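>>> fold the following for me, if possible:
(2 chains)
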There are 2 protein chains.
Amino acid sequence: MADQRLPAESDIIARLRRIAPHPAARSLSDDAAVWLPPLGRELVLTHDAIAANVHYLPGDDPSDIAWKLVATNLSDLAAKGATPRGVLLGLTFSQEDDRWTERFCDGLARVLGEYDTALFGGDTIRADSTTLGCTAIGDVEPGTSLARGGAMVGDDLYVTGSIGDAGLGLAAQRGDAPADKYLQRRYRLPMPRLAMGQGLFRAGATAAMDVSDGLLIDARRLAEASGIAIRLHLSDVPLSTEAAARLPSGTEGRLLAATAGDDYELLFSAPPSAADTLHSLGKATRTTLTRIGGIVAGAGLSIVSADGSELRPERLGFEH
Amino acid sequence: MADQRLPAESDIIARLRRIAPHPAARSLSDDAAVWLPPLGRELVLTHDAIAANVHYLPGDDPSDIAWKLVATNLSDLAAKGATPRGVLLGLTFSQEDDRWTERFCDGLARVLGEYDTALFGGDTIRADSTTLGCTAIGDVEPGTSLARGGAMVGDDLYVTGSIGDAGLGLAAQRGDAPADKYLQRRYRLPMPRLAMGQGLFRAGATAAMDVSDGLLIDARRLAEASGIAIRLHLSDVPLSTEAAARLPSGTEGRLLAATAGDDYELLFSAPPSAADTLHSLGKATRTTLTRIGGIVAGAGLSIVSADGSELRPERLGFEH
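Numbers count the residues shown, from 1 in each chain, chains lettered A, B, ... in the order given. Prediction:
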């Protein structure tokens, strides 16, 4: 069947060309993209790759895989306050057929359109297994991109949205738990918190990062980068109604949520004086904000349960 | 043995951190790189990936693989006249051990140092097979980056250096031909023609690209992109002494050289009035330049042999 043949690289490039109308892309027909960045802005650059059987399941919808590939990179830009401008893709395909690459390009068109981001260029090759890489480029006003280091003693610690949805969504997606449209959508189609991220510096935040490997492990990374300690109140970790209904109650459920990963929410610190401005920013960008702890002198992460006792979970999230 | 364990991603990142001193890299400890590009310059962006068993042999020296990964991307920048500034790497490893990644990082340090290019960031993952991606970023004076399209009827067609060395070097590297230090070096360690590329626009060139898939197929691409025809004199294709000694004489040998690929030379067009300036540029940048044909009205590539007859080889190079 025609659908099952392996498309040539030139066929895939022809498909990609249709979603690369930006002049910088030079119709994907030149050696490189040529782009005039917004004058006097700093660039924020990130590259993340995902691999079949590691970061997604072979049966996943190729359109969703494309969305996730781009959206997770845009989440890194969001954490640094950047406005996304363009991506370059490094697509190593193995056995994907015409129908797969068509769906994949549909998903690319969707995510790039949603976030007003251009396809600048990239490379398509064939090899023994599938790896999909994305370089995302955005820009910020110079000096305004928050680092992971920067949290100060006395700051509050906040997280956007809700935590643990994607982990539960993955279980549902795999058939290990009953289906749930909302949770599965949170796993399949992460939404980078761009508007919120772009306002954080001006609102007074001192450090920021995105939560991808698990809230707890990422909080520990923020503490390490900032050279301070974080006291995180586990019972304050925000859960969606859908996640709360599915998780064990109390500490156990919140630990599951806070170590599940794939949240693509923003974790950041800010002094108490910034609270009102931050809540206005949350309202303006339709982002719920939850204070989940504070920055104290010392090092590392301490996790406090509802009764005030300190928890020492065996695992904080995904280590690399 | 310690050397044979698979290094954790964090071990590899620790190695990479040592060769990423540029402040934009944020010690490879943040969500993204943050870089202030040179004010008022256009950026040139490219991403190429290589895969084990496809673009290199599993037995190849990891240091050479790293060199080639970066150098071939810088060759794309050279073709657009850009000065390289930084790279992001997408490294998907499979079974590479500590010693392999150490050698790989040595090669990275070497090539980045040689071309004064920073390691900005990237991603390291583990999957079923090895794919190595590189996004290279450079800059040019706005409006001066030559495209593949732009060659004009009456222009001369030039190529830098010598053609076919890398193809012969690969055969020697594989043991299919006697060893030859020069030819194998040309295969293992391509040298992007950056200085030459940076001078081409000012010297009057009208179109440029790098030769990677074979001189003939790439010349046809330049003709297509420019909407003109190229008449290429096969006997004028420049061979190194080493290649000439190894190739069959006459048409057969030159066809082998001109379809071998992996040359990473520059192919460009320029009007006859630019000849003197171009030769001065070649002298100043220690780059040999050879006129190998001209641009005529029509479409496609015609290959002319020494006796003036037209050749129609079955294959022009590597199709994708």
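
>>> please make it C-alpha for all contacts and neighbour counts, starting now.
Will do.

>>> for stretch A:216-223, buried residues please.
A:L216, A:I217, A:D218, A:A219, A:R220, A:R221, A:L222, A:A223 (16 or more other C-alpha atoms under 10 Å in any protein chain shown).

>>> and those residues, which of them are in helices?
A:L216, A:I217, A:D218, A:A219, A:R220, A:R221, A:L222, A:A223 (DSSP state H).

>>> do I have it right that the fifth one meets A:L301?
Read that as A:R220. Yes. In this structure, A:R220 is within contact of A:L301 by C-alpha atoms under 8 Å, at 5.2 Å.

>>> any common contacting residues for these two?
By C-alpha atoms under 8 Å, 6 or more residues apart in numbering or on different chains, A:R220 and A:L301 have these common neighbours: A:I230.

>>> ok, now which ones touch A:F120?
Taking C-alpha under 8 Å, 6+ apart, we find A:F120 in contact with A:A20, A:H22, A:A24, A:A25, A:L28, A:A33, A:G86, A:V87, A:L88, B:L45.

>>> returning to that earlier point: format the ones in helices among the buried residues of stretch A:216-223 as CSV; extra columns: pLDDT and distance to A:L194.
Below are those laid out as CSV (pLDDT from 0 to 100; distance: C-alpha to C-alpha, whole Å):
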residue, pLDDT, distance to A:L194
A:L216, 98, 22
A:I217, 97, 22
A:D218, 98, 19
A:A219, 98, 20
A:R220, 98, 23
A:R221, 97, 21
A:L222, 98, 19
A:A223, 98, 23
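
>>> picking that back up, just the buried residues from the contacts of A:F120, in PyMOL please.
Buried members of those, defined by 16+ other C-alpha under 10 Å, are picked up in PyMOL with:
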select buried, (chain A and resi 20+22+24+25+28+33+86+87+88) or (chain B and resi 45)
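
>>> widest-spaced pair of the contacts of A:F120?
A:A20 and B:L45 (14.4 Å; C-alpha to C-alpha).

>>> list the contacts for A:P84?
Residues near A:P84 by C-alpha under 8 Å, 6+ apart: A:L74, A:L77, A:Y115, A:D116, A:T117, A:A136, A:I137, A:G138, A:D139.

>>> next: A:P178.
A:A172.

>>> against A:N53, how distant is it?
Distance from A:P178 to A:N53, counting by C-alpha to C-alpha, to the nearest Å: 22 Å.

>>> so which strand or helix has A:G113?
Take DSSP states H and E as the rule and A:G113 turns out to sit in helix A:98-114.

>>> which residues touch that helix?
Contact with helix A:98-114 is made by A:2-7, A:12, A:15-16, A:19, A:61-67, A:70-71, A:118-119, as judged by C-alpha under 8 Å, 6+ apart.

>>> filter those to the buried ones?
Listed as buried from those are A:6-7, A:12, A:15-16, A:19, A:61-67, A:70-71, A:118-119; burial here means 16+ other C-alpha under 10 Å.

>>> between helix A:98-114 and the following helix or strand past the helix holding A:G113, find me the angle.
For helix A:98-114, the following helix or strand on the C-terminal side (DSSP H and E) is strand A:118-126. Computed by axes from the mean of the first three to the mean of the last three C-alpha atoms, to 10 degrees, the angle separating strand A:118-126 from helix A:98-114 equals 160 degrees.

>>> restrict strand A:118-126 to CA atoms and write it as PDB.
What follows is strand A:118-126 as a C-alpha-only set of coordinates in PDB (Å, rounded to 0.1, in the frame of the first residue of the first chain):
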ATOM      1  CA  ALA A 118       8.500  29.800  12.600                       C
ATOM      2  CA  LEU A 119      10.100  26.700  11.200                       C
ATOM      3  CA  PHE A 120      13.500  28.000  10.300                       C
ATOM      4  CA  GLY A 121      15.200  24.800   9.100                       C
ATOM      5  CA  GLY A 122      16.800  21.600  10.200                       C
ATOM      6  CA  ASP A 123      17.800  18.200   8.900                       C
ATOM      7  CA  THR A 124      16.000  14.900   8.100                       C
ATOM      8  CA  ILE A 125      17.900  11.600   8.100                       C
ATOM      9  CA  ARG A 126      17.100   7.900   8.300                       C
END
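
>>> each with direction, which strands does that strand pair with?
Take DSSP bridges as the rule and strand A:118-126 pairs in its sheet with strand A:83-93 (parallel).

>>> report the distance from the partner strand to the chain centre.
Strand A:83-93 has its C-alpha centroid displaced from the chain centroid by 15 Å (C-alpha atoms, centre = their mean, to the nearest Å).

>>> for it, give the mean pLDDT please.
The average pLDDT within strand A:83-93 is 97.

>>> surely A:D213 is within a strand?
No. With DSSP: H, G, I helix; E, B strand; the rest coil as the criterion, A:D213 is coil rather than part of a strand.

>>> for it, the count of nearby residues, please.
Residues near A:D213, counting by other C-alpha atoms under 10 Å in any protein chain shown, number 20.

>>> now it, nearest residue through space, not along the chain?
A:G261 (4.3 Å; C-alpha to C-alpha, 6 or more residues apart in numbering or on different chains).

>>> ok, now which ones touch the one you found?
A:G164, A:A166, A:G167, A:V211, A:S212, A:D213, A:G214, A:L215, A:G317, A:F318.

>>> how about a cut-off of 7 Å?
A:G164, A:G167, A:S212, A:D213, A:G214, A:L215, A:G317 (C-alpha atoms under 7 Å, 6 or more residues apart in numbering or on different chains).

>>> need the worst-confidence member of those.
The lowest pLDDT within these belongs to A:G317, with 89.
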